[in-house]
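**Student:** Pasting a predicted model and its sequence here:
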Amino acid sequence: MSKKKSNFKRLKLNNKNESQSQTIPIKRKTAAPIPQNGTLIDLLINTGVSSVGDDDMDMILADLTVTQCDVSRKSVTEKKEIQIVCDDEKIKDEFKKIFNPDVVSQILETYLYGLNVFEVNYKEKEGLVYPRLVQRDFRQFKFNDVGEFVFSAGGSEQSIPPLKVIYALNRANFRKVYGDGLLKKLYFPVKMKNASLKFWFRFLEKFGSPWAIAKTSYEPDEMAAEVQAMLSGDSAVIDTDEEITLVQPTSNVDFTRLPAYLDNQISKAILGANLASDVKEGSYAAAKTHN
């Protein structure tokens, strides 16, 4: 059986009168655990939805797939005519101005935020008072402890005058008091898609062009200069025993699958699943049924 090494070291202390040995314990330093490198996936998964800021919101809304699906979803309602029943044509025209296409589009954004807030401004015209709807940042409003809807910008709660604010909730329940906003669910797929596309572009920029490999038995620096000149222009002058070969990198990895999958998930989240959601190639039957 092998003997374990002791944590004690024997030191000899010299004294004027006598020489004696003393055993002194030596403390060993405990190694600190090395944290693992955080990956992009860990960062995205561990990012709370409450930390989605203005930049992330702009990134989500600027995504082409999100924009396309949002337009398609809204178009179902926007193409319908708003019917205002009123005998007075002047009053009817004023209410048409209130619910103009921009305001209707903003109202239909409730599914994105979960909570959609509008400030009501009033304007008098010919003895009548007409409302004007102005969309506000839903993050500046909250429900207080007694369930009242208050303005909470700047860290302080302010009560709202009657008939000054109206709000809408999307699929609210006892677990989701502020509604179920789809914007939070779109954060991960849009962020992940942008990250994968950025990596893909960098990969193509670095490895997409062919590599120039030169062989020479003379000065390698001069040969490298000739190769650089050839890549910058269209010709090069080399000796008969020298050789330049262009090698095209090959890879079996299909980087288009991940962005395509994430686009499919974004489309399902906004428009819902349908026959055309998972069709990889063109299908006349699925497209006809979907339309």
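**Tutor:** Now that the structure is in, tell me what you want to look at.
**Student:** low-scoring stretches of the stretch 101-250 of the chain, by residue?
**Tutor:** 204-209, 234, 249-250 (pLDDT under 70).
**Student:** hmm, try it at 80
**Tutor:** Along the stretch 101-250 of the chain, the model assigns pLDDT under 80 to residues 196-213, 217-219, 226-227, 229-242, 244, 246-250.
**Student:** And the helices in it?
**Tutor:** Here the stretch 101-250 of the chain has its helices, by DSSP state H, counting those that start in this stretch, at 101-107, 110-113, 182-207, 220-232.
**Student:** Could you dump those helices into a markdown table with mean neighbour count added?
**Tutor:** Bear in mind the C-beta positions are built from the backbone N, C-alpha and C, glycine included. Formatted as a markdown table, the helices of the stretch 101-250 of the chain follow (neighbours: other C-beta atoms under 10 Å):
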| stretch | mean neighbour count |
| --- | --- |
| helix 101-107 | 14 |
| helix 110-113 | 21 |
| helix 182-207 | 16 |
| helix 220-232 | 13 |
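**Student:** Select, out of the ones you listed, the one closest to V146.
**Tutor:** Nearest of these to V146, taken as C-beta to C-beta: helix 110-113 at 23.6 Å.
**Student:** returning to that earlier point: make TSV out of the helices of the stretch 101-250 of the chain and add distance to V247.
**Tutor:** As requested, the helices of the stretch 101-250 of the chain are exported to TSV (distance: least, C-beta to C-beta, whole Å):
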stretch	distance to V247
helix 101-107	53
helix 110-113	49
helix 182-207	11
helix 220-232	13
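**Student:** For E148, which of those helices is the nearest?
**Tutor:** helix 110-113 (20.1 Å).
**Student:** Number of residues surrounding the residue lying closest to I160 once chain neighbours are set aside?
**Tutor:** Among residues not flanking I160 along the chain, F151 sits closest, at 5.8 Å (C-beta to C-beta, 6 or more residues apart in numbering). As a burial measure, F151 scores 18 neighbours (other C-beta atoms under 10 Å).
**Student:** contacting residues for F151?
**Tutor:** Q140, F141, E157, Q158, S159, I160, V165 (C-beta atoms under 8 Å, 6 or more residues apart in numbering).
**Student:** gap between the spatially closest residue to the fifth one that is not a sequence neighbour and Q158?
**Tutor:** Of all residues beyond its chain neighbours, the one nearest S159 is V150 (5.9 Å), with distances taken as C-beta to C-beta, 6+ apart. Distance check for V150 against Q158: by C-beta to C-beta, to the nearest Å, it reads 6 Å.
**Student:** And for Y167?
**Tutor:** 15 Å.
**Student:** quick one: which of these two has more around it?
**Tutor:** Between Y167 and Q158, counting by other C-beta under 10 Å, Y167 is the more crowded of the two (16 against 9).
**Student:** Leaving out the residues flanking it, which one is nearest to the more buried one?
**Tutor:** Closest residue to Y167 apart from its sequence neighbours, by C-beta to C-beta, 6+ apart: V117 at 4.6 Å.
**Student:** swap in F199?
**Tutor:** That would be F255: by C-beta to C-beta, 6+ apart, it lies 7.9 Å from F199.
**Student:** How about E242?
**Tutor:** In space, E242 is closest to T216, 4.6 Å off (C-beta to C-beta, 6+ apart).
**Student:** So the chain: which segments form each domain?
**Tutor:** Annotated domains of the chain cover 49-183, 188-274 [automatic domain parsing].
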